[in-house]
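A.B. asks: pasting the structure only:
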Ligand SMILES: Nc1ncnc2c1ncn2[C@@H]1O[C@H](COP(=O)(O)OP(=O)(O)O)[C@@H](O)[C@H]1O
Ligand SMILES: N[C@@H](CCOP(=O)(O)O)C(=O)O
């Protein structure tokens with residue numbers, strides 16, 4: 001459960017006084033999530049999400065994240081709309097930390113993933129890439145190669161506690177990524193964390209994309225590679241080629257992929273597995289005492305990384 005910051009009733013009332021959203025009826029901590037403290041806020045006007053931004057969110061990035069959600073919602077993407085206070089501001093402080101209110105989206109994340117979910121999420125990802133085209137604020141990906149190096153350095157001394165030889169394997173992967181990472185593919189605003197918990201479905205359609213707090217400018221095909229990892233492996237670790245094909249076909253139905261993007265998928269997927277393995281490893285080794293959050297398993301992503309290391313080309317993804 002991701003709630004790092006408790007909220008007193010008096011502090012909540014003072015916070016809400018700056019908005020035109022009615023008065024609080026209930027504030028329910030949300031069980032899912034890892035990064036920020038999230039509450040379902042019920043007011044006399046309806047349901048909202050209250051987010052208090054925690055450790056890995058740089059406050060200077062918040063205008064990008066909130067502005068992006070606003071831009072995407074205005075361009076027809078089903079995503080949370082930040083609520084402005086009476087003074088027009090979307091961002092203020094609660095409990096000494098940055099906080100915002102966004103609209104509540106209906107739907108649920110998929111419990112048992114099917115190829116049809118993968119096809120829909122591929123299409124939604126491509127729509128997000130197209131909708132993001134005119135967004136004017138820029139944000140470099142903090143979790144690209146230099147960020148991976150920093151995490152690797154911070155984990156190096158204890159990585160082998162999690163798997164024997166892991167520190168050396170990470171070093172080797174980072175060197176290979178530095179040599180082989182593509183730089184000339186189409187780029188734009190990417191979600192960068194479009195995992196199944198961040199996609200809601202209702203009535204057989206995608207009803208919402210949430211959690212834009214890793215969004216940044218990067219290669220569009222890298223976002224698809226992140227989804228290949230997040231959506232197309234089974235719980236036992238097996239790669240599901242039918243889901244991968246559906247994901248990529250869904251994407252291509254809305255935005256074509258050029259040959260260079262297709263050819264780069266194995267290295268992009270391998271880099272994406274390394275990125276999530278590193279953040280999970282760091283969190284595993286640096287658990288926050290008292291936080292209601294269950295760290296995610298870094299070894300799941302080590303296995304995915306090794307899978308992509310072994311593939312011979314894009315045919316391994318059913319293409
Ligand atoms: N706009 C929203 N509408 C409905 N539920 C939401 C919304 N935003 C977040 N949630 C709920 O909160 C959970 C955690 O949100 P998320 O943004 O993924 O948190 P974190 O950034 O901490 O990972 C989601 O899984 C979902 O259940
Ligand atoms: N998706 C990441 C962790 C970030 O969690 P989220 O709740 O913000 O989606 C992972 O699985 O490592």
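C.D. replies: Structure's in. What do you need? Since this is a predicted model, take the numbers as computed values, not measurements. Ligands and ions are numbered 1, 2, ... in the order given.

A.B. asks: what about stretch 234-244, near ligand 2?
C.D. replies: No: Stretch 234-244 stays clear of ligand 2 (Cβ under 6 Å from any ligand atom), getting no nearer than 13.9 Å. Bear in mind the C-beta positions are built from the backbone N, C-alpha and C, glycine included.

A.B. asks: how distant is the longest helix along the chain from the center of its chain?
C.D. replies: Taking DSSP state H as the criterion, the chain has its longest helix at helix 259-285. Helix 259-285 sits 13 Å away from the centroid of its parent chain (Cα atoms, centre = their mean, to the nearest Å).

A.B. asks: helices or strands up against it?
C.D. replies: If contacts are counted by 3 or more Cβ pairs under 8 Å, 6 or more residues apart in numbering; DSSP states H and E, helix 259-285 sits against helix 145-155, helix 166-180, strand 216-219, helix 220-231, helix 298-310.

A.B. asks: can you rerun that using 6 Å?
C.D. replies: If you count contacts as 3 or more Cβ pairs under 6 Å, 6 or more residues apart in numbering; DSSP states H and E, helix 259-285 packs onto helix 145-155, helix 166-180, helix 220-231, helix 298-310.

A.B. asks: right, and those helices - which one's nearest residue 253?
C.D. replies: Nearest to residue 253, of all the helices and strands packed on helix 259-285, is helix 220-231, at 12.8 Å by Cβ to Cβ.

A.B. asks: Is the closest one positioned near ligand 2?
C.D. replies: No: for a cut-off given as Cβ under 6 Å from any ligand atom, helix 220-231 has no contacts with ligand 2; the smallest distance is 7.0 Å.

A.B. asks: what sits up against that helix?
C.D. replies: The contact list for helix 220-231, computed with Cβ atoms under 6 Å, 6 or more residues apart in numbering, reads 118, 129, 185-186, 188, 190-191, 194-195, 244, 247, 251, 261, 264-265, 268-269, 272-273, 304.

A.B. asks: after that helix, next one along is what?
C.D. replies: Going down the chain from helix 220-231, the next helix or strand is helix 241-254, by DSSP states H and E.

A.B. asks: any idea of the mean pLDDT for that following helix?
C.D. replies: The average of the pLDDT scores along helix 241-254 is 98.

A.B. asks: same deal with stretch 269-282?
C.D. replies: Averaged across stretch 269-282, pLDDT comes to 98.

A.B. asks: any low-confidence regions in the stretch 1-150 of the chain?
C.D. replies: Applying pLDDT under 70 to the stretch 1-150 of the chain flags the ranges 1-2.

A.B. asks: residue in it nearest to ligand 2?
C.D. replies: Across the stretch 1-150 of the chain, no residue is closer to ligand 2 than residue 34, which sits at 3.9 Å (Cβ to the nearest ligand atom).

A.B. asks: Does residue 202 have any beta-bridge partners, and if so which?
C.D. replies: residue 205 (DSSP bridges).

A.B. asks: close enough to count as contact, it and residue 108?
C.D. replies: No: counting by Cβ atoms under 6 Å, residue 202 does not reach residue 108; the two are 7.3 Å apart.

A.B. asks: distance of residue 142 from residue 58?
C.D. replies: Using Cβ to Cβ, to the nearest Å, we find residue 142 at a distance of 8 Å from residue 58.

A.B. asks: Let me fix that, I meant to ask about residue 305.
C.D. replies: From residue 305 to residue 58 the distance is 27 Å (Cβ to Cβ).

A.B. asks: Settle it for me: which of the two has more neighbours?
C.D. replies: Applying other Cβ atoms under 10 Å to residue 305 and residue 58 shows that residue 305 carries more neighbours, namely 23 against 12.

A.B. asks: ok, and what's touching stretch 48-56?
C.D. replies: With Cβ under 6 Å, 6+ apart as the test, stretch 48-56 has contacts from 4-5, 35-39, 41, 94, 97-102, 104.

A.B. asks: Buried ones among the contacts of helix 220-231?
C.D. replies: Buried subset of those (neighbour count, 16 or more other Cβ atoms under 10 Å): 118, 129, 185, 188, 190-191, 194-195, 244, 247, 251, 261, 264-265, 268-269, 272-273, 304.

A.B. asks: What's the end-to-end length of stretch 52-59?
C.D. replies: Terminal residues of stretch 52-59 lie 11 Å apart, using Cα to Cα, to the nearest Å.

A.B. asks: Smallest gap between the chain and ligand 1, at which residue?
C.D. replies: Relative to ligand 1, the nearest point of the chain is residue 33 (3.0 Å; Cβ to the nearest ligand atom).

A.B. asks: A helix includes that residue, no?
C.D. replies: No: secondary structure of residue 33 (DSSP: H, G, I helix; E, B strand; the rest coil): coil, not part of a helix.

A.B. asks: Good, we can wrap up now.
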